[in-house]
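Peer 1: from the sequence below, what's the structure:
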Amino acid sequence: MKKVKLLALMLAASISLTACGTDGGTEKAGVFAGVKTADRISTNKYYTTDKVRVRGIANLVNEMDYEEIEGDIPDVFFENSNEEIEEDISFDTFGRSYEVSLGFSTSVKGYMGDKRLCYVNGQYCTDWTRGKYYKISSSDENTYEKLKQMYLKLEGIGILDYEKMIKEGGSSDAVMADKVQLDTENSNYAEWAKGICCDIASVPDRGEVTLFNNNYMEFECAYKIDNVTKDDFTYLVDKYKKEGFNQDVSEYDCGFMAYSDKAAFDYMAIDYREDCIVLTVGGDINRAGSVTGGWEDGKLGKYAPKPENGDCYIMRDRADYYPAPGENVHSEYVVYNVDEEQAGEYIELCKRNGYTDDEDYNDITDDDNQVYWAGVTEDCRIFVKQGKDDTFMTVTLYLLQKDDSDAVN
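Peer 2: The predicted structure follows:
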């Protein structure tokens, strides 16, 4: 009986992610309307359970139309395949051959149902789970690009791609909106202005704003707003809708995500929590590189010496533990134009400034790195890495919580 029950639960999860129909008040029905019930999305490297983000991406999937391909499968599905992928049919490996690879999961009483959708060239999609292939289209030429960018904001862009963007100063073929004139008299202005995407939307006029994440590489920032109620959430949603965030709307009781009608790839997400509101603002990922930061711009830069060689840029900076203790305070840097010897010199510099070998992490073997070192002080843990033949190194600093200095928090 237990086996029968488990099979029934598995079938229910599968049907939930596959079913056609309407969802969340929208009239649009599609082949993948069921993915709007998902509570987790995974890329090839990472995953998120952020409900606003999951709903927003699922909505973009369903803004496109899918025509099932009968007969021969287009060659484009196999152009990027290789022996490794043919031998390993797992989701993660298989997904590497596609431009966008998204796994949607939903929990049904302890069982996780999955659906993997893979897109190629903005023209085709395969439902990897069911072995079906589709030609895709959309009345909005930007819908697929929005989906692709949301995928990259989860998966991350390449470090060498970021270097190219920095050299180009950030570029975009999309129509750019005029910068929002921020209200400098607003009590939240100073904190709001710290965000790298602050000029995409006006300053919130409810609660107390704190910036807790600047993502330079994927061009996004996030704020926590304290001292607010559910009515404040409703107010802010209405406020930003009126200001133009009214395209590709994904909305439910405690969450809202929408794109701007002034610039195709500018977006806002508002998530009401029990104790606060989390507000995320982001823009065209191709604008990454237009706003850069150095060592001193990282929250944790003061805890370690600045590299003496190379060109240093901050990639991502999480300045607060919120929204969960597991979301550790950290600063990620990349240092371009350094060799293996210079990476070693930086490690010695860290040791002269109080860092000692962190044996809990230095016994990790990684054939992909020619330099791998972890150091620790009373306050901070540092990782220095350089891949084989790379001309850059990465430096990541993690703030240690005082009540648990033996772990990265």
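
Peer 1: measure the most centrally placed residue in the chain to Lys45 for me?
Peer 2: Centrality entry for the chain: nearest residue to the mean C-alpha point is Leu154, 2.8 Å, by Cα atoms, centre = their mean. The spacing between Leu154 and Lys45, counted by Cβ to Cβ, to the nearest Å, is 8 Å. The C-beta positions use only the backbone N, C-alpha and C, and glycine is treated the same way.

Peer 1: repeat that for Val249.
Peer 2: Using Cβ to Cβ, Val249 is found at 29 Å from Lys45.

Peer 1: neighbour count winner among the two?
Peer 2: Shown here are Val249 and Lys45; by other Cβ atoms under 10 Å, Val249 has more neighbours (17 against 11).

Peer 1: now do the same for the more buried one: helix, strand or coil?
Peer 2: strand (DSSP: H, G, I helix; E, B strand; the rest coil).

Peer 1: what's the closest non-adjacent residue to it?
Peer 2: Ala258 (4.4 Å; Cβ to Cβ, 6 or more residues apart in numbering).

Peer 1: what pLDDT is listed against the one you found?
Peer 2: Ala258 carries a pLDDT value of 97.

Peer 1: settle this for me: it is touching Asp248, isn't it.
Peer 2: Yes: with contact defined as Cβ atoms under 8 Å, Ala258 counts as touching Asp248 (6.4 Å).

Peer 1: so where's the stretch 1-150 of the chain shaky on pLDDT?
Peer 2: 1-30, 80-97, 108-113 (pLDDT under 70).

Peer 1: recalculate using a threshold of 80.
Peer 2: 1-30, 78-97, 107-113 (pLDDT under 80).

Peer 1: quick one, strands of the stretch 301-409 of the chain?
Peer 2: 311-318, 330-336, 356-357, 369-376, 380-387, 392-399 (DSSP state E, counting those that start in this stretch).

Peer 1: weakest of those strands in terms of mean pLDDT?
Peer 2: strand 369-376 - the lowest mean pLDDT of the strands of the stretch 301-409 of the chain, at a mean of 91.

Peer 1: would you map the helices across the stretch 201-350 of the chain?
Peer 2: Here the stretch 201-350 of the chain has its helices, by DSSP state H, counting those that start in this stretch, at 230-242, 340-352.

Peer 1: quick one: mean pLDDT over the last one.
Peer 2: Mean pLDDT, taken over the full extent of helix 340-352, equals 97.

Peer 1: list the buried ones in that helix?
Peer 2: 342-344, 346-347, 349-350 (16 or more other Cβ atoms under 10 Å).

Peer 1: just want the angle from that helix to strand 330-336.
Peer 2: Between helix 340-352 and strand 330-336, the angle comes out at 140 degrees (axes from the mean of the first three to the mean of the last three Cα atoms, to 10 degrees).

Peer 1: give me the contacts around helix 340-352.
Peer 2: Contacts with helix 340-352, where a contact means Cβ atoms under 8 Å, 6 or more residues apart in numbering, come from 304-305, 307-310, 335, 338, 370-371, 373, 375, 382, 384, 386, 393, 395.

Peer 1: helix, strand or coil for Met165?
Peer 2: helix.

Peer 1: and the closest residue to it other than its chain neighbours, how many neighbours?
Peer 2: Excluding its sequence neighbours, the residue lying closest to Met165 (Cβ to Cβ, 6+ apart) is Gly289, at 3.1 Å. If you count neighbours by other Cβ under 10 Å, Gly289 ends up with 21.
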